[in-house]
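In: how would this look folded up:
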Amino acid sequence: MNTIAIIPARGGSETIVDKNVVSVAGKPLIEYTIDAVKGTKCILDDTLWFVYTDRYRQYHNLGIIRPAIVSKSDTPMGVTVSKAIETYELCYGRVDNIILLQPNCPLLSSKDIDDAYDLFLRSGNDCLVSVVKVYNEKKYYKDGYPLKQGVFHKQEDRPLCQRNSAIFIFRKNLLRSRGLIFDNNPVLYEMPCWKSVDIDNEDDLFMAECLIKGGALSGT
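Out: You can find the predicted model right below:
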């Protein structure tokens, strides 16, 4: 099977200006994901991964440019990835599986990608998503209405899994037949909370910098 990794990096951001290249602990955010891909065992050839971007040409390792038609803020990721695969296959050949890595998760490691890919292959599922464990009993809607009413004990708070945006792995057939990068039955790759920092605002940047400067990436 031919597996490729795609790092989608649309120019522009509604929360942080040029978020994909903003400095995090002295390094552009996107380079953490690039370094993670380069260190994997499942993506051994530089022609098997690429940054799909309309703006940051310094990261066009394969010269595959993201056209404006799939670079809008409301463009579905399935449409964006379909266009990327179409271009890739014209230049480099058939694709069977896709590893989609968002560039906004700097604590993602090479081992996470390899372990997730191994789990995906062993599962036989059409897709995998990375998740973080969360607890819902103490949550409220913005109007103050509790997500769950009544008295409860902490030990009874059953954990849920929430997508953390770091890793999506899926078969091309799922994308082509249904336009999806994940369906209602993905295999789940669980990541710890500290690795699941998803850069969306200044608070996230602060947390990521504290973790990285504190040595969180060493040995991962």
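
In: what's the biggest helix by length in the chain packed up against?
Out: For the chain, the longest helix by residue count, based on DSSP state H, is helix 77-92. Applying 3 or more Cβ pairs under 8 Å, 6 or more residues apart in numbering; DSSP states H and E, we find helix 77-92 packed against strand 3-9, strand 49-53, strand 97-101, helix 172-178. C-beta here means a position set from N, CA and C on the backbone, and glycine is covered the same way.

In: ok, now with 10 Å
Out: Using 3 or more Cβ pairs under 10 Å, 6 or more residues apart in numbering; DSSP states H and E as the contact test, the elements touching helix 77-92 are strand 3-9, strand 49-53, strand 97-101, strand 160-171, helix 172-178.

In: let me have those in a markdown table, extended by mean pLDDT, distance to Val79 and mean neighbour count.
Out: Shown next, in a markdown table, are these (pLDDT from 0 to 100; distance: least, Cβ to Cβ, whole Å; neighbours: other Cβ atoms under 10 Å):
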| stretch | mean pLDDT | distance to Val79 | mean neighbour count |
| --- | --- | --- | --- |
| strand 3-9 | 97 | 11 | 22 |
| strand 49-53 | 96 | 12 | 23 |
| strand 97-101 | 98 | 13 | 24 |
| strand 160-171 | 95 | 14 | 21 |
| helix 172-178 | 94 | 10 | 15 |
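
In: got JSON lines for these, with distance to Ile113 too?
Out: Below are those laid out as JSON lines (distance: least, Cβ to Cβ, whole Å):
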{"stretch": "strand 3-9", "distance to Ile113": "8"}
{"stretch": "strand 49-53", "distance to Ile113": "10"}
{"stretch": "strand 97-101", "distance to Ile113": "7"}
{"stretch": "strand 160-171", "distance to Ile113": "7"}
{"stretch": "helix 172-178", "distance to Ile113": "18"}
